[in-house]
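A.B. asks: No letters, just coordinates:
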């Protein structure tokens, strides 16, 4: 089989570097171009020494003429830049986007949360919200695959199946998420000393973190009204997310039924691991993997449960999910490049 030729735009950020590492392991992929803005002319191993063993091109400025030579364009760019790239794709290109440009279907909501006007609204109907396990059929059909944000990935994966089966009440959901600082990108290192980043735990983004819109959009497809509070935190560690989700179940549904349903729902999905009741999971077993670990725990209130969900924000919450979507789109083994 001929290898797919790919271009990576935004190749030197944390997500871009992680994406390149995974692409280098993928037997059906050839990296044709690496593109950036401030890193033009540099070798990519300048940003990660592990990449020195691969014969990779130098970082160059993106040029739309390169699109004729590639099959897939990956974008790990700041929000607002992937729109223009999407508008310049040729008929044979697939775009796998790791920004927020095509995650939200309502351009007004996008502008409200990201303070950027969506200039190519006509392309939104060509895109799919690329949560791999839940949208496989649409991922196979669409030209633009919008990879979800890291926090929403950890939150939506355990909640959507339970809402689909009407096991949960649609209000009073409390979401407490903690992430390694890599989720904020390289720019956060410039603020590290001021924030005392490596010694403290900090809450941020209350009440209008951008991912609120994404979480609301996906949950609202299944219920008329969604009432939740989402509070993100930055931990003094590099990578990993643990989301603690407090939910109220419908009274006729037992804890056992909820756990058994989640296990059954994700039984055929390699990268979702649902644990036994009351398993106190953390990020240890998901770091540097594409897995999402989920655990349902009882509380002192028989009507309420705590759902724990752990992922690596740079892999399952970023580059790994992008590769998983690539595999779905082109019919490769689901774990190609990810194991």
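C.D. replies: Looks like it came in fine. Worth saying up front: this structure is predicted, and the values here are computed from it rather than measured. Numbers count the residues shown, from 1 in each chain.
A.B. asks: Now do the helices in the stretch 1-150 of the chain.
C.D. replies: With DSSP state H, counting those that start in this stretch as the criterion, the stretch 1-150 of the chain has helices at 14-25, 82-87, 107-114, 136-141, 150-164.
A.B. asks: and these as JSON lines, adding mean neighbour count, mean pLDDT and distance to residue 68?
C.D. replies: Every residue, glycine included, has its C-beta placed from N, CA and C. Listed next are the helices of the stretch 1-150 of the chain as JSON lines, based on neighbours: other C-beta atoms under 10 Å; pLDDT from 0 to 100; distance: least, C-beta to C-beta, whole Å:
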{"stretch": "helix 14-25", "mean neighbour count": "23", "mean pLDDT": "97", "distance to residue 68": "20"}
{"stretch": "helix 82-87", "mean neighbour count": "21", "mean pLDDT": "96", "distance to residue 68": "14"}
{"stretch": "helix 107-114", "mean neighbour count": "16", "mean pLDDT": "96", "distance to residue 68": "29"}
{"stretch": "helix 136-141", "mean neighbour count": "14", "mean pLDDT": "97", "distance to residue 68": "23"}
{"stretch": "helix 150-164", "mean neighbour count": "24", "mean pLDDT": "96", "distance to residue 68": "33"}
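A.B. asks: Turn those into a markdown table, columns for distance to residue 293.
C.D. replies: Listed next are the helices of the stretch 1-150 of the chain as a markdown table, based on distance: least, C-beta to C-beta, whole Å:
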| stretch | distance to residue 293 |
| --- | --- |
| helix 14-25 | 19 |
| helix 82-87 | 30 |
| helix 107-114 | 28 |
| helix 136-141 | 21 |
| helix 150-164 | 10 |
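A.B. asks: Among those helices, which comes closest to residue 333?
C.D. replies: Shortest distance between residue 333 and these, using C-beta to C-beta, is found for helix 14-25: 12.4 Å.
A.B. asks: Touching that closest one from outside, list them.
C.D. replies: 6, 8, 10-11, 29, 31, 34, 36, 44, 47-48, 50-51, 54, 56, 74, 76, 98, 182, 185-186, 314-315, 318-320, 322-323, 337-338 (C-beta atoms under 8 Å, 6 or more residues apart in numbering).
A.B. asks: Please identify which of the helices of the stretch 1-150 of the chain is closest to residue 195.
C.D. replies: Comparing the helices of the stretch 1-150 of the chain by C-beta to C-beta, helix 14-25 comes nearest, at 17.0 Å.
A.B. asks: Please state the offset of stretch 13-26 from the chain centre?
C.D. replies: 14 Å (C-alpha atoms, centre = their mean, to the nearest Å).
A.B. asks: do the same with stretch 109-118
C.D. replies: 19 Å.
A.B. asks: Stretch 246-263 now?
C.D. replies: Stretch 246-263 has its C-alpha centroid displaced from the chain centroid by 26 Å (C-alpha atoms, centre = their mean).
A.B. asks: For that stretch, the averaged confidence score.
C.D. replies: Stretch 246-263 shows a mean pLDDT of 93.
A.B. asks: just stretch 208-228 next, same as before
C.D. replies: In this model, stretch 208-228 has a mean pLDDT of 91.
A.B. asks: start to end distance for it?
C.D. replies: This stretch, stretch 208-228, spans 12 Å end to end (C-alpha to C-alpha, to the nearest Å).
A.B. asks: Next, the buried residues of it.
C.D. replies: Within stretch 208-228, the residues scored as buried using 16 or more other C-beta atoms under 10 Å are 209-219, 222, 226, 228.
A.B. asks: For it, which outside residues touch it?
C.D. replies: 100, 103-106, 109-110, 112-114, 129, 131, 148-149, 151-152, 155-156, 159-160, 163-164, 170-175, 230, 232.
A.B. asks: now the closest residue to residue 308 other than its chain neighbours: how far from residue 309?
C.D. replies: Spatial nearest neighbour of residue 308, excluding adjacent residues (C-beta to C-beta, 6 or more residues apart in numbering): residue 295 at 4.4 Å. Look at residue 295 and residue 309: by C-beta to C-beta, to the nearest Å, they are 8 Å apart.
A.B. asks: These two: which is more packed in?
C.D. replies: residue 309 (25 against 22; other C-beta atoms under 10 Å).
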